[in-house]
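Trainee: structure for this input, please:
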Amino acid sequence: MRRFMAFLVGAMIGGLVGATVSLLLAPSSGNEIRGQLQDRAERLREEIRKAAAERRLELEEQLSALRAPQNPTA
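Mentor: Take a look at the predicted model:
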């Protein structure tokens with residue numbers, strides 16, 4: 001769970017830094033920059049959704065393995 005949370009925090013910080021840099025360095029109009037930021041935010045949301053779905057599958061598999069009957073080794 002720590003790895004996943006670290007990923008989410010890193011993704012958010014990376015997105016914010018990228019957005020800030022693009023605002024400061026881009027010779028584009030305000031409308032263009034807003035469009036670019038919206039696109040980047042949407043990609044970030046999709047990446048987070050994908051990571052969350054993958055993690056959910058991993059956790060469901062682990063839960064299934066823990067719930068499975070244990071065979072005694074004797």
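Trainee: where in the chain is the helix or strand with the lowest mean pLDDT?
Mentor: Confidence across the helices and strands of the chain bottoms out at helix 2-25, with a mean of 83, counting by mean pLDDT, DSSP states H and E.
Trainee: what's that helix packed up against?
Mentor: Contact here means 3 or more CB pairs under 8 Å, 6 or more residues apart in numbering; DSSP states H and E; on that basis helix 2-25 packs against helix 30-67. Where C-beta positions appear, they are placed from N, C-alpha and C, glycine not excepted.
Trainee: gap between the helix it packs on and the chain center?
Mentor: Its chain's C-alpha centre lies 4 Å from the corresponding centre of helix 30-67 when counted by CA atoms, centre = their mean, to the nearest Å.
Trainee: now the angle from the least confident helix or strand of the chain to helix 30-67?
Mentor: With axes from the mean of the first three to the mean of the last three CA atoms, to 10 degrees applied, the angle from helix 2-25 to helix 30-67 works out at 180 degrees.
Trainee: show residues contacting helix 2-25.
Mentor: Helix 2-25 has contacts (CB atoms under 8 Å, 6 or more residues apart in numbering) with 33, 36-37, 40-41, 44, 47-48, 51-52, 55.
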